[in-house]
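Give the three-dimensional model of this entry:
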Amino acid sequence: MANMRMDKIPMPEQDPKARIGNFDEAALGYTAEAAVDEAKRCLNCREPRCVEGCPMSVPIPAFIEKVAEGDFKAAYEKLFAVSNLPAVCGRVCPQEALCEGRCIRGIKGEPVAIGRLERFTADWHIQNGGASPDDGCAEPNGHRVAVIGSGPAGLTCAGELVRLGYEVTVYETMDRAGGLMMFGIPAFRLPRSVVEMEIVRLESLGVEIITESTVGKMDSVDELFEQGFEAVFIGSGAGKEQKLDIPGEDLPGVLSARNLLMRAEELERDALGGKRVVVAGAGDMAVDAARTALRLGAAEVSVLCGVPVNELPARREEIRRARAEGVRFLPETAPKEILAGANGHVATVLVSGPDRDSLAADTVVVAVGAGPDPLLLRTTPGLDSTASGGIAADPVTGATSRVGVFAGGDAVTGAATVIAAMTAGKNAAASIHKYIQGK
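From the prediction side, this is the model:
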């Protein structure tokens, strides 16, 4: 029987006062009972608008129907048939702007909690063995493809190609695979163990991952072809940090959000103890950096949004959690200049805004996005770039100006969402398959 309650089943969470003292996941996930109850809110529409809103075309009503029946194994199989990273997507995909934003239940109430149900289904699978389902992987076809970058674009592309029978090798610069998911999203939002389990499952399908290997410094794209790879996918992400371009940005005490998030769990609990932190930015990275600063002991954290709060591109759920933890959002307020104190360290941020012209600060965190790393463009002859410095690639196929070279995700667009990168990787895999089979 359908559950006609108008709001979502609440997501259990750590108490805000407790969770700012740790990096454990803030949202605790549904129980099986809660998941079944929420799944019964789905009307199983004849023409599901939620699927139209999903870039990955996940069969949303079909997997939710299985959750409602309590058949979590079948629900996972339906998810995994089209998505290589369901446990990740269930946590960080901006569902409110995509699938849930199209849900008919949202017209007069709250939409079905599609993301929470995806997370529950993937977590249930991990907790019950985590083995890959019988996904119908094709027999090895003898063709080899190289993937540069093990973030969401690269891993999705690799997973799709392995299912089609290709031998896939992924090259990753860092000492651990995962890219943005491992180093750019804090553990309180996306636990490292979840990313690791998704990677292990892809490796069990046959994806080979070589870490601490930077293509462009060690092997070049041309050398990969010489080694027998028939196609190359570039999913190297956005590693070039963008700046505010204001006076004082190079003062001691000014940090990049990227570096803060990468090092957060290595820093001492009181690394920012007793300090006033100002974060400049409006997206998920800014909100993540603000919440991370609290966990590193900051006494006061303010986010200079630059836009009205209701126009922030960050996820609404994470903004709500940040506020509950004590983060202060200053709408339509932007930094103009950073001033030093007597010791030469950051002391004040001059701002333009509706209700103030300055803020006292001990630390300023710059979270205004990141652009593609230019390394592969410099080391790959014939690879065209975009006006913004990304790799020029067809937005549908991922094909670049170099025959046999495809690209997608942040390496093309600059910093964007995990789901956008996954979609680019999936589309490029289909194009690579068509390209190799047509040779």
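
pLDDT below threshold where in the stretch 101-250 of the chain?
Scanning the stretch 101-250 of the chain with the threshold set as pLDDT under 70 gives 131-136.

what's in contact with the helix or strand in which residue 17 is found?
Assigned by DSSP states H and E, residue 17 belongs to helix 16-19. Residues from elsewhere that reach helix 16-19 (CB atoms under 8 Å, 6 or more residues apart in numbering): 13, 26, 188, 321, 324-326. Bear in mind the C-beta positions are built from the backbone N, C-alpha and C, glycine included.

list the buried ones in that helix?
Within helix 16-19, the residues that count as buried by 16 or more other CB atoms under 10 Å are residue 19.

List the contacts of the helix or strand just after it.
Beyond helix 16-19 on the C-terminal side, the first helix or strand identified by DSSP H and E is helix 32-39. Residues from elsewhere that reach helix 32-39 (CB under 8 Å, 6+ apart): 3, 8-9, 30, 64-65, 67-68, 70, 72, 112-113, 116-117, 120-121, 124.

Helix 32-39 - what's its average pLDDT?
Across helix 32-39, the average pLDDT comes to 97.

Okay, buried residues for that helix please.
For helix 32-39, the buried set under the neighbour-count rule, 16+ other CB under 10 Å, comprises 34-39.

Make CSV out of the residues you listed and add distance to residue 289.
Output for the buried residues of helix 32-39, formatted as CSV (distance: CB to CB, whole Å):
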residue, distance to residue 289
34, 31
35, 31
36, 37
37, 35
38, 31
39, 34
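
Residue 169 in helix, strand or coil?
What DSSP: H, G, I helix; E, B strand; the rest coil gives for residue 169 is strand.

Do you have the helices of the stretch 151-300 of the chain handy? List them.
Per DSSP state H, counting those that start in this stretch, the stretch 151-300 of the chain carries helices over the ranges 152-163, 180-183, 192-205, 221-226, 257-263, 284-295.

Dump the last one to CSV, keeping only the CA atoms.
By that I understand helix 284-295. This file holds the C-alpha atoms of helix 284-295, laid out as CSV (Å, rounded to 0.1, in the frame of the first residue of the first chain):
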residue,chain,number,x,y,z
ASP,A,284,29.9,22.7,-2.3
MET,A,285,33.6,23.1,-1.8
ALA,A,286,33.0,26.3,0.2
VAL,A,287,30.5,24.7,2.4
ASP,A,288,32.8,21.6,2.8
ALA,A,289,35.7,23.9,3.7
ALA,A,290,33.6,25.8,6.3
ARG,A,291,32.4,22.7,8.0
THR,A,292,36.0,21.3,7.9
ALA,A,293,37.2,24.5,9.6
LEU,A,294,34.8,23.9,12.5
ARG,A,295,36.2,20.3,12.9
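
In terms of secondary structure, what does that helix contact?
Contacts defined by 3 or more CB pairs under 8 Å, 6 or more residues apart in numbering; DSSP states H and E place helix 284-295 against helix 257-263, strand 276-280, strand 300-304, helix 316-325, strand 363-366.

filter the contacts of helix 32-39 to the buried ones?
Using 16+ other CB under 10 Å, the buried ones in the contacts of helix 32-39 are 8-9, 30, 64-65, 67-68, 72, 112-113, 116-117, 120-121, 124.

Specify the beta-bridge partners of residue 406.
Taking DSSP bridges as the rule, residue 406 bridges to residue 233, residue 399.

Confirm for me that it is in contact with residue 229.
No. Using CB atoms under 8 Å, residue 406 is not in contact with residue 229, being 12.0 Å away.

More neighbours: which of the two?
The neighbour count for residue 406 versus residue 229, taken as other CB atoms under 10 Å, is higher for residue 406 (29 against 19).

who's in contact with the more buried one?
Residue 406 makes contacts with 231-234, 393, 397-400, 428, 431-432, as judged by CB under 8 Å, 6+ apart.

and the residues you listed as a markdown table, adding neighbour count and distance to residue 287?
Shown next, in a markdown table, are those (neighbours: other CB atoms under 10 Å; distance: CB to CB, whole Å):
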| residue | neighbour count | distance to residue 287 |
| --- | --- | --- |
| 231 | 25 | 37 |
| 232 | 24 | 35 |
| 233 | 32 | 30 |
| 234 | 33 | 29 |
| 393 | 26 | 29 |
| 397 | 16 | 33 |
| 398 | 28 | 30 |
| 399 | 18 | 35 |
| 400 | 25 | 33 |
| 428 | 34 | 29 |
| 431 | 21 | 34 |
| 432 | 29 | 35 |
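
Nearest to residue 225 among the residues you listed?
Ranked by distance to residue 225 (CB to CB), the contacts of residue 406 are led by residue 232 at 7.2 Å.

could you list every residue that touches that closest one?
Residues near residue 232 by CB under 8 Å, 6+ apart: 145-148, 221, 224-225, 404-406.

so residue 120 sits right up against residue 90, yeah?
Yes. Here residue 120 reaches residue 90: they are 7.4 Å apart, a contact under CB under 8 Å.

Return the distance of stretch 287-305 from the chain's centre.
19 Å (CA atoms, centre = their mean, to the nearest Å).

Of the helices of the stretch 151-300 of the chain, which stretch is the most buried?
Between the helices of the stretch 151-300 of the chain, helix 152-163 has the highest mean count of neighbours, a mean of 29, where neighbours are mean count of other CB atoms under 10 Å.

Tell me the helices and strands packed up against it.
With contacts taken as 3+ CB pairs under 8 Å, 6+ apart, helix 152-163 sits against strand 144-148, strand 167-171, helix 192-205, strand 231-234, helix 418-437.

out of the ones you listed, which comes closest to residue 247?
Residue 247 lies closest, by CB to CB, to one member of these: helix 418-437, at 33.8 Å.

same for the closest one, what does it pack against?
Using 3+ CB pairs under 8 Å, 6+ apart, the elements in contact with helix 418-437 are helix 86-92, helix 152-163, helix 180-183, strand 231-234, strand 405-407, helix 410-413.

for that helix, what is the average pLDDT?
For helix 418-437, the per-residue pLDDT values average out at 97.
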